[in-house]
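Q: below is the sequence, then the predicted model.
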Amino acid sequence: MTSAPVRNPATTRLATTRRYLMCAPTHFAVEYSINPWMDPTRPVSTAGAIAEWEALRQTYLRLGHTVETIDPQPGLPDMVFSANSGTVIDGVVLGARFRAPQRAAEADFFRTWFLDHGYRDIVMPEKINEAEGDLTWTGDLLLAGTGFRTDPGAHAEAQEVLGVPVVSLQLVDPRYYHLDVALFVLTEATPTSRAHIAYYPEAFSPGTQRLLRRLYPDAILATAEDAACLGLNAISDGRNVILPKEATTLTTQLHAHGYTPHPVNITELRKSGGGPKCCTMELRDRT
Ligand code: ARG
């Protein structure tokens, strides 16, 4: 006989309300290839991407979060991945500078959005910086990926602009070209504890793997299969976790840790190398 699971009150998960910025995939397509997921010869359904995006937006609204939107622009098929266009901490905005020329124009549309929406502390980076694609705020440290997109020099620039401590992480697998496809935050740090995170160790160099084990000994480690469906491109509000539906082992792990998983379909968006997190920039306004 198996005994019923005992809920440890210490692991009761508390959601906090978030404010997100999203961009509808009206002009979504895979017209060029800047990561191994993108194959311009493979058919993509824009209507399917729109349905996936709308379901994601509705999930956030149902969970009580606020979703702001920015107008999509023709000729910018990757603009749906709003996470790449800004890092906002305590109301300070560090904009983006894309590595690929095909995406370069996105950065200024977002800069204008921030200006039009009352943000006054906006800095556009000098170094290549793909924002929340590679910069993950944990509540006390800014984890910063490099290896494929964001320049390591952007890490020091982020520390200076945002005034938070930055920890550099080395990505080594081209399928996991951004930090946000290899790691995400489940629960932010508190004054007495580090964040609770999930990640796929093999996406990182040996030294970074040791560093992550040292900083986050209780992290959830994802399987190769769950990483390969972009399962780590997930979003958590501290309790609810929105993740690609194929990440079944991770879903089980999340349940066991007291989280509530919300699986979503990303069949079309994944053809561009993106998932729920890529479509979601968090607006961490001044409190
Ligand atoms: N096709 C896009 C690119 O390669 C996907 C970006 C996904 N965004 C993210 N935050 N990982 O730039």
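A: Cool, got the structure. Numbering: from 1, shown residues only.

Q: and the chain, which of its residues are near the ligand?
A: Residues of the chain lying close to the ligand by CB under 6 Å from any ligand atom are 34-35, 38, 78, 81, 83-84, 103, 133, 178, 180-181, 272-274, 278. Using the backbone N, CA and C atoms, a C-beta is placed for each residue, glycine as well.

Q: quick check: closest non-adjacent residue to residue 32.
A: Using CB to CB, 6 or more residues apart in numbering and skipping residues adjacent in sequence, the residue nearest residue 32 is residue 102, 5.1 Å away.

Q: residue contacts, the one you found?
A: Shown in contact with residue 102 (CB atoms under 8 Å, 6 or more residues apart in numbering): 31, 32, 34, 78.

Q: and the two most separated of those?
A: Pairwise distances across the contacts of residue 102 (CB to CB) peak at 10.5 Å, for the pair 31 and 34.

Q: neighbour count for those two, which is higher?
A: The residue with more neighbours, out of residue 31 and residue 34, is residue 34; 18 against 14, by other CB atoms under 10 Å.

Q: I figured that one was touching residue 100, is that so?
A: Yes. Applying CB atoms under 8 Å, one finds residue 34 in contact with residue 100, separated by 4.5 Å.

Q: quick one: low-confidence parts of the protein?
A: Scanning the chain for pLDDT under 70 picks out 1-10.

Q: one more pass at 50, please.
A: 1-7, 9 (pLDDT under 50).

Q: can you map out the helices along it?
A: 46-62, 106-116, 153-162, 206-215, 224-228, 248-256 (DSSP state H).

Q: residue of the stretch 151-287 of the chain nearest the ligand, please.
A: Among the residues of the stretch 151-287 of the chain, residue 278 lies closest to the ligand, at 3.2 Å counting by CB to the nearest ligand atom.

Q: give the contact list for that residue.
A: 80, 81, 82, 83, 84, 133, 178, 180, 181, 233, 269.

Q: rewinding a little: so which of the contacts of residue 102 would you say is closest to residue 13?
A: Once CB to CB is applied, the member of these that ends up nearest residue 13 is residue 78, at 32.6 Å.

Q: contacting residues around the closest one?
A: Residue 78 neighbours (CB under 8 Å, 6+ apart): 84, 102, 103, 106, 272, 274.

Q: on that earlier part again, reformat the helices of the chain as CSV; add mean neighbour count.
A: Converted to CSV, the helices of the chain look like this (neighbours: other CB atoms under 10 Å):
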stretch, mean neighbour count
helix 46-62, 17
helix 106-116, 17
helix 153-162, 19
helix 206-215, 14
helix 224-228, 18
helix 248-256, 17
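
Q: reformat those as a markdown table; add distance to residue 128.
A: As requested, those are exported to a markdown table (distance: least, CB to CB, whole Å):
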| stretch | distance to residue 128 |
| --- | --- |
| helix 46-62 | 26 |
| helix 106-116 | 11 |
| helix 153-162 | 6 |
| helix 206-215 | 19 |
| helix 224-228 | 24 |
| helix 248-256 | 30 |
